[in-house]
Each structure stands twice: as structure tokens, then as C-alpha cells.
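**Q** Here is a sequence with its predicted model. Questions after.
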Amino acid sequence: MKLVIGIVRPEKANDVLEALYRAEVRGISMSRVQGHGGELDRVETYRGTTVKMGLSEKVRFEIAVSDSFVQPTIDALCEGAQTGQVGDGKIFVVPLEQAVRIRTGETDSGAVTPVGK
Amino acid sequence: MNVLPVAKVVAEVDTGDTAWMLAATALVLLMTPALGLFYAGLVRSKNTLNTFMMCVAAIAIAMVTWALVGYSLAFDGDGSLIGGLGNFAMQGIDFTPREGTTIPHLVFFAFQATFCIITTALVSGAVVERMRFGAFLVFAALWSVLVYAVLAHWAFGGGWLIAGGTLDFAGGVPVEMGSGFSALAAALVVGARKDYGRQALLPHNAVYVLLGAGLLWFGWFGFNGGSGFSTGDASVLAFTNTLLTPACALITWFVLDLIRGRKVTAIGAATAIIVGCVLITPAGGFISPGWAMALGFLGALPCYAVIVWRPRTRVDETLDVLAAHGIAGFTGILFIGFVAQIGWNGVSDGLFYGNADQLWDQALAALAAPAYAFGMTYVLLRIIGAVMPLRASEHDEAVGMDVAYHGEEAYASGEGAILVAPDADGEALVADPG
């Protein structure tokens, strides 16, 4: 059981959702984050003030999956989020100690398996 | 040669009329930033500024083209298809009253300029979120002359429609059908947004949309109320009708929303205000207040139908300029042909009052204006498209037009932003004391 964290471009978030859906990964959460991963700084000008936007908008997916779903999830994130330009994001896979589905009290693999499977 | 000076009979400038027309001009100008707000609320947040800027750019571009050549082509002489170049670069436009009015020619020019500006801005609604800003500027410059000025000449400036008896009070032909059917052509040539029909593309701020609609309605009192060029009966009638028709259109929209989705929507209400104002635009000074109310109730129906139908097609006419302006203008123009009353307008009766010819004149305008606007815009954009790309790159479209074309964001957080010192180069000149 792993937690897959994918940080992707916001404009690719919908493509990632589609790819995850096709990979039958259904339980996800996403949030908007700001980050920096070595991409070129974007320069913006507001009246006389010129600023380098050091942090870019990103979308962070968190997906808890059973072991057999780790690779399909990673593949889906890559497929949906890749543009080939610097700034496409990162995927982190971390071990997950425990998972509980609050409604039923199911734990671990039962808790990360979507309802109806 | 010794020619005796001939006393020219010139109408006097009326101070009351002029005062109202100065105010009305300012009211109509306000409609363009109001439209910017209305449109900006309807797009996704990453395109807010670009959408608004298309309207701001229309003020700049259309004002200049209007002063140079547009006004002259629209209002100089009574050629059947196009005016002359007698007022090229504002020649001959001064303090003396324009023929047939009691206001200085300069005021008449300025009032008509604001119409050209708002109409040019309206067309942008069809192509927001993907058209290159530079290409839009070129399009706006050419469109304001080749489409708007020509239609304005037909309907207002002595061209074949007005000469043939078509009644168009404040611009059903050039403004509403002109923008609406041009928008359809522009959407077809520029093409749909990348995500259109694949993902939900939702309005990002409904409050902007409502506020924009409210400000547009406010400005529309100058638009319709000023189109009599005086404080006379026609202006007063159009002014009050501008209150009645949108209110009735709102009620129809509420009912249709309730039937369709069991809820009254806010963005629907904002749309209904626009539709109501457009419906009464051509008819304002020609129909009775009672018929103006009927126009609001009935005229909203075809517009609603087109707004529901259009997103089911592959045509990404993004902000529904066709439905809200083209169809509403078409309906308003035809409605005059049925219910115009000489007792109210002093000009002509419609079919219901025994004058079937008027309906024919109106139908002619309702066919000719859409055909010209659609055809000319289609050809114009094809030509511009052959010279320069019309569309933003896929990357720019994905990132958003604000950052891509303006280097700004509507909702910049400032977090992680590093100030680039204005004298960054100067720092190197500071001597190291060590």
C-alpha cells in the first residue's frame, strides 16, 4: 500500500484526471499548491514594478493505492502531465502505514479500494 | 468672380439637446468597460485580463479608425452602399449642427464613435480564450471599417436600408445583427477552444457578470435614449422602453430557467438583461410602451432557445454573441414591422396597424445585415489568417492568455515573487568599500 503524490501543471490537471479515470484509479484528492522545480522564472510587470514569479502554480494529487495499482497510477500521472518542458512536476511514492475508511471502519487495502469493486 | 454670399439655412444648436447628448455619449462609452467586466466574468480566471483587454483595445482601435475613415464612410453623403470620404480624418466636423439635428457635428461624431467602439468589442466575445491578441487588434481595425461603418451607413447614414424605409432606432442592424452574425463567422474561422466540448469551461466570477450587465443597462439609457439626438419624444419613449423591455425579458428568463432546471440562475438573469436591452434597441423610439413590454416577454424566447442549443453544437461561439445580440437584434427589427404605431413615433405604422409594407422593409434589413456581417467577417478573418496566425499556441492557451500576452495575472498572489530592482544594472556601479 503506497501513497502516490503527483505535483503537476495546473493546465494539465484535467488531462491527469482523465488518465487516472482510464486507469481505473478512482480515489484521489487534489489541491492547489505553489512550488518551484527549476523552471525558468516568469517575469510579470505591474505598472512600474517588475517581479520574477519564483513560485509557479501547481496541482498536487494524493492517491492512496494498493501495491498492484502503484505502477498504473504513476503511468497515468506521467501520461496526463507530461509536456516535455521544464516544470512538468514530480511524482513521489511513499509507503503507507495504515488506511481507514471512516464510513465502514475498513482498513488498509479494503479502505483504498473504491466502492463497488 | 464676384459671388454674393448665400445665407445658408442652418438649424440652431439646441443647448438642452446638446447637454443630453454629451451625457449620453459618456454613458455609451461606459458600456465598453462594462462589457469587458461582463465578458471577463464569463471566462476562466486565467483569461480574465485578456478578455477585458480586448474591450479596452476596441476603444483604442475603433476610435482611431472611426476618426480617420469609419465615420466618413458611414455618415458622409447618401450613397446607396457606402458613404464618401468628405469627412476623412474628421474634416468638416465642427461646432455647426449636423444636418437634421440640433447638436454640434462634433457631438454627433463622438456619440456615433461610441457605437462603433462597443460593437467592435462585442465581436471579441466569440473568440476569447484562444485568439492571439495581436491578430485581434488587426481584426478590430479592419472590422470596424469594413463591417461596422458599412452597416451603419445602410441603417443610419443614408444608405439603401434607411432610404428604403427600414426603421432602426439605435442600431439593430449595425450594432446587434452586425456583431452577432460576425461573431458566428469569427467563431467558425478561429475555431473552438482546445478543451471545448471535452471539459466543463465555466464562468469564473458570476458577480462580475451581473455587475457588468447592470452597468451595460445603465449605459444603454444613453445608447437608446440618445438615439433620437435630442430630448424629444422619440428619445423619451426609447428611454422608458429601455426600462420596460429588459424587465419583461428577465421575467421570461426566470420562467424558462424554472421550467428547464427548476432554479433561477444569476448568469441567466445577467444574460436576460442584455437580451432585453438588445431587443428594444432597434424598436425603442418606434413602438408603444405596451408593445415594448410584449417585446421583452416574447423576444426572449428565441434568444433563450439559441443559447440552449448553441453549446450542443461544435461551434464554440464562446460568449453567445449570436444569441444575445444577433438573434435579439433580428427579433427586435422584425417586431417593429408588426407593431410600429405612427401615433407614438410620428413616422410609420406596422402590419398590425395597417401597413404591411413596413414589415417588408424590416424583413429586408433582417436578411441583408446578417448576410453581409457574416460574409464579410468570414472573408476578412480568412485573409488575416493567411497573413498571420489567428490562434494562440496550444501552450499559451493552456497556461492562459493573461500571462502569455499581458505578463500579468488577474489574481496574482505575490507569494514567491521576487522584486526585480528597477536599477538592477546600477548596482554594479556601487563601489565595494573594502
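**A** Happy to help now that I have it.

**Q** Closest residue of chain B to chain A?
**A** B:Gly416 (2.9 Å; C-beta to the nearest C-beta). C-beta: built from backbone N, CA, C; applies to glycine.

**Q** was I right about that residue contacting A:Lys58?
**A** No. Applying C-beta atoms under 8 Å as the test, B:Gly416 and A:Lys58 come out as separate, 11.5 Å apart.

**Q** In chain A, which residue sits nearest chain B?
**A** Here chain A gets closest to chain B at one residue, A:Leu55, 2.9 Å apart by C-beta to the nearest C-beta.

**Q** if we can go back for a sec, any shared contact partners between B:Gly416 and A:Lys58?
**A** Residues touching both B:Gly416 and A:Lys58 (C-beta atoms under 8 Å, 6 or more residues apart in numbering or on different chains): A:Gln34.

**Q** More neighbours: which of the two?
**A** For B:Gly416 versus A:Lys58, the count of surrounding residues by other C-beta atoms under 10 Å in any protein chain shown is larger for A:Lys58: 22 against 15.

**Q** Identify the bridge partners of the more buried one.
**A** Note on A:Lys58: beta-bridge partners by DSSP bridges are A:Val33.

**Q** Doesn't A:Arg60 lie inside a helix?
**A** No. For A:Arg60, which was evaluated using DSSP: H, G, I helix; E, B strand; the rest coil, the result is strand, with no helix membership.

**Q** Check whether the helix ranked longest in chain A comes near chain B.
**A** Secondary structure of chain A per DSSP state H: the longest helix is helix A:70-81. No. Residues of helix A:70-81 are not located near chain B by C-beta under 8 Å from any C-beta of the partner chain, the shortest gap being 11.8 Å.

**Q** what packs against that helix?
**A** In this structure, helix A:70-81 makes packing contacts with strand A:2-8, helix A:13-22, strand A:56-65, strand A:89-95, judged by 3 or more C-beta pairs under 8 Å, 6 or more residues apart in numbering or on different chains; DSSP states H and E.

**Q** buried residues in it?
**A** Neighbour-count burial for helix A:70-81 flags A:70, A:72-74, A:76-78, A:80-81 (criterion: 16 or more other C-beta atoms under 10 Å in any protein chain shown).

**Q** can you check stretch A:110-117 too?
**A** Of the residues in stretch A:110-117, those scored as buried under the neighbour-count criterion (16+ other C-beta under 10 Å) are A:111-113.

**Q** Over to stretch B:153-171?
**A** By neighbour count, and taking 16+ other C-beta under 10 Å as the criterion, the buried residues in stretch B:153-171 are B:153-162, B:165-171.

**Q** can you list the residues of the stretch 151-300 of chain B near chain A?
**A** Where the stretch 151-300 of chain B comes near chain A, counting by C-beta under 8 Å from any C-beta, the residues are B:195, B:199.

**Q** so where's the stretch 151-300 of chain B shaky on pLDDT?
**A** The model of the stretch 151-300 of chain B has no residue with pLDDT under 70.

**Q** for chain A, same thing?
**A** Counting by pLDDT under 70, chain A contains low-confidence residues at A:116-117.

**Q** Around chain B, which positions in it sit nearby?
**A** When proximity is defined by C-beta under 8 Å from any C-beta, chain A lies next to chain B at A:9, A:11-12, A:14, A:34, A:36, A:41-46, A:48-55, A:83, A:85.

**Q** if we go to 10 Å?
**A** Applying C-beta under 10 Å from any C-beta of the partner chain, we find that chain A lies next to chain B at A:9-12, A:14-15, A:17-18, A:34-36, A:41-46, A:48-57, A:83, A:85.

**Q** and B:Thr252, that one's in a helix?
**A** Yes. Read with three-state DSSP, B:Thr252 is one of the residues of a helix.

**Q** The residue of chain B closest to chain A touches A:Lys52, doesn't it?
**A** Yes. In terms of C-beta atoms under 10 Å, B:Gly416 counts as a neighbour of A:Lys52; the distance is 9.1 Å.

**Q** so what's in contact with these two at the same time?
**A** In terms of C-beta atoms under 10 Å, 6 or more residues apart in numbering or on different chains, B:Gly416 and A:Lys52 are both contacted by the residues A:Asp41.

**Q** Nearest residue to the middle of chain B?
**A** Centroid-nearest residue in chain B, with C-alpha atoms, centre = their mean: B:Thr119, separated by 2.8 Å.

**Q** and it, backbone torsions?
**A** phi -70, psi -40 (degrees, to the nearest 10).

**Q** Tell me how far it lies from B:Ala58.
**A** 8 Å (C-beta to C-beta, to the nearest Å).

**Q** Mutual contacts of these two, please.
**A** Counting by C-beta under 10 Å, 6+ apart, the common neighbours of B:Thr119 and B:Ala58 are B:32, B:143-144.

**Q** Select from these the one having the most neighbours.
**A** Within those, most neighbours by other C-beta under 10 Å means B:Trp143, with 30 neighbours.

**Q** right, and that one touches B:Gly178 too?
**A** Yes. At 9.4 Å, B:Trp143 counts as touching B:Gly178 under the criterion of C-beta under 10 Å.

**Q** Identify the contacts common to those two.
**A** Taking C-beta under 10 Å, 6+ apart as the contact definition, B:Trp143 and B:Gly178 share the neighbouring residues B:119-120, B:123, B:373, B:376-377.

**Q** and B:Val13, what does it touch?
**A** B:Val13 neighbours (C-beta under 10 Å, 6+ apart): B:95-97, B:101-105, B:107.
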